[in-house]
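1. I'll drop the sequence and a predicted model, then ask my questions.
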Amino acid sequence: MNKTKKNNRGFSFAEITLLIMAGVVLMTAGVTHAWLKNSQVEVVRDVDKTQQRISDHNDSINSLQVKIDKKLNIYQMRDDLERRESELVVVPVSAIEKITPYSRPKTADRATSVAQVQP
């Protein structure tokens, strides 16, 4: 009878130490998983807020574009000028003169540029 009691003894010190270490590792893994999941949720919320802000800005841009188009409507502009009794008049297309921008003459030697000329 003593032999069976001797064989049915409890866990050894090494087994208990191993179980405690495994428990600590599993707890650390669980806490890390929860922390990472929370960080992921926060990032998703930030992305949603940013997308909402982008959508709001696009809506305001479209609204502003509509206002600009209303202001640039030639018929509306003429009516506004008439109501204000403006001195501006319609100019015929034949009176419009197209002026090209000034372009510097091309020179082969760039050593005479303004930045390099000394007084």
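-> Alright, I've got the coordinates. Numbers count the residues shown, from 1 in each chain.

2. buried set for stretch 37-50?
-> For stretch 37-50, the neighbour count (16 or more other C-beta atoms under 10 Å) marks no residue as buried. Heads up, the C-betas are built off the backbone N, CA and C, glycines and all.

3. Also stretch 85-95?
-> Taking 16+ other C-beta under 10 Å as the criterion, stretch 85-95 shows none as buried.

4. now the lengthiest helix in the chain: mean pLDDT?
-> Longest among the helix segments of the chain by residue count, using DSSP state H, is helix 13-71. Across helix 13-71, the average pLDDT comes to 95.

5. following it, which helix or strand shows up next?
-> Proceeding N to C from helix 13-71, the next assigned helix or strand is helix 74-83, under DSSP states H and E.

6. ok and that next one relative to helix 13-71, angle-wise?
-> When axes from the mean of the first three to the mean of the last three C-alpha atoms, to 10 degrees is applied, the directions of helix 74-83 and helix 13-71 differ by 60 degrees.

7. Alpha carbons only: can I get helix 74-83 in PDB?
-> Coordinates of each C-alpha in helix 74-83 appear next as PDB, following Å, rounded to 0.1, in the frame of the first residue of the first chain:
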ATOM      1  CA  ILE A  74     -22.300  86.000 -67.800                       C
ATOM      2  CA  TYR A  75     -26.000  86.600 -67.900                       C
ATOM      3  CA  GLN A  76     -26.200  87.000 -64.100                       C
ATOM      4  CA  MET A  77     -23.200  89.300 -64.200                       C
ATOM      5  CA  ARG A  78     -24.800  91.500 -66.900                       C
ATOM      6  CA  ASP A  79     -28.000  91.700 -64.800                       C
ATOM      7  CA  ASP A  80     -26.000  92.700 -61.700                       C
ATOM      8  CA  LEU A  81     -24.100  95.400 -63.600                       C
ATOM      9  CA  GLU A  82     -27.400  96.800 -65.000                       C
ATOM     10  CA  ARG A  83     -29.000  96.900 -61.600                       C
END
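
8. Many thanks, I have nothing further to ask.
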